[in-house]
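Colleague: with the sequence up front, the predicted model follows.
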Amino acid sequence: MTTRFGIGYDAHRLAEGVPLVLGGERVPSERGLAGHSDGDAAAHAVVDALLGAAALGDIGARFPEDDPATPRGVSSLVLLERTSALLREAGWRVVNVDATIVLQRPRLADHLPAMRANFAAAIGVDVSAVSVKATTEDGLGFTGAGDGASAMAVASITDDSGITDASGSMDDSA
Ligand code: MG
């Protein structure tokens with residue numbers, strides 16, 4: 001059995017007239033994260049953590065903006081689903097994901113359970129295998145100034161296909 005880890009990081013600018021989408025959740029806010037996709041920096045960090053663990057490249061290489069399969073405004077949960085499929089095809093199973101979102105405001109605490117559920121469904125694991133946290137940088141830097149949000153994530157994957165883990169979350173349907 002091989003276990004590997006990956007890290008992901010992303011940041012997006014906050015802009016007027018854009019919905020705020022983080023962890024696949026529409027969060028009420030006067031400004032949202034600008035991007036070719038829905039700007040979901042948290043989902044992007046998780047995608048890169050998973051791709052990194054499997055050494056399958058990064059989000060920009062896998063889902064280029066000029067690819068018709070990555071249309072403007074595409075839900076980043078779709079990219080996460082595709083990432084999970086890539087890992088399954090390569091023989092990997094996701095053990096767990098842990099993400100932290102850095103945003104000065106609005107506070108995200110009430111939305112974190114739904115974000116966990118969104119990520120778990122997109123990845124195909126039990127929600128107990130997914131952690132999403134939120135913090136501020138206490139007014140410091142670009143997140144503190146309200147210019148943008150960032151997110152970081154780590155992921156663990158294993159190649160023990162066929163072995164059901166304690167959570168019973170094994171998805172070997174693919
Ligand atoms: Mg991004």
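Modeller: Right, received. Where do you want to start? All values derive from a computational prediction rather than experimental measurement.

Colleague: distance of Ile7 from the ion?
Modeller: Ile7 sits 15 Å away from the ion when distances are taken as C-beta to the ion, to the nearest Å. (Glycine included, C-beta is placed from N, CA and C.)

Colleague: my understanding was that that residue contacts Thr100; is that so?
Modeller: No: under the criterion of C-beta atoms under 8 Å, Ile7 lies out of contact with Thr100, with a separation of 11.6 Å.

Colleague: where does the chain come near the ion, residue by residue?
Modeller: Taking C-beta under 5 Å from the ion, the part of the chain that reaches the ion is made up of Asp10, His44.

Colleague: most centrally placed residue in the chain?
Modeller: Ala43 (2.3 Å; C-alpha atoms, centre = their mean).

Colleague: tell me who's in contact with that residue.
Modeller: Under the criterion of C-beta atoms under 8 Å, 6 or more residues apart in numbering, the neighbours of Ala43 are Leu22, Gly23, Gly24, Ser76, Leu77, Leu79, Leu80, Phe119, Ala122.

Colleague: how many neighbours does Asp160 have?
Modeller: By the other C-beta atoms under 10 Å criterion, the neighbourhood of Asp160 contains 16 residues.

Colleague: need the three-state assignment for it.
Modeller: Taken by DSSP: H, G, I helix; E, B strand; the rest coil, the conformation at Asp160 corresponds to coil.

Colleague: that one and the ion, how far apart?
Modeller: Taking C-beta to the ion as the measure, Asp160 falls 31 Å from the ion.

Colleague: was I right about that residue contacting Arg93?
Modeller: Yes: under the criterion of C-beta under 8 Å, Asp160 is in contact with Arg93, at a separation of 6.7 Å.

Colleague: the residue nearest to the centre of the chain belongs to a strand?
Modeller: No: Ala43 is assigned helix when assessed by three-state DSSP, not a strand.

Colleague: I'd guessed Ser37 sits against Ser76; true?
Modeller: Yes: the pair Ser37 and Ser76 passes the contact test of C-beta under 8 Å, sitting 5.2 Å apart.

Colleague: follow-up on the earlier one: ok, Ile7 and Thr100, which is more surrounded?
Modeller: Thr100 (16 against 13).

Colleague: is the nearest residue to the more buried one once chain neighbours are set aside in a helix, a strand, or coil?
Modeller: Closest residue in space to Thr100, ignoring its immediate chain neighbours: Lys133 at 4.7 Å, by C-beta to C-beta, 6 or more residues apart in numbering. At Lys133, secondary structure determined by three-state DSSP is strand.
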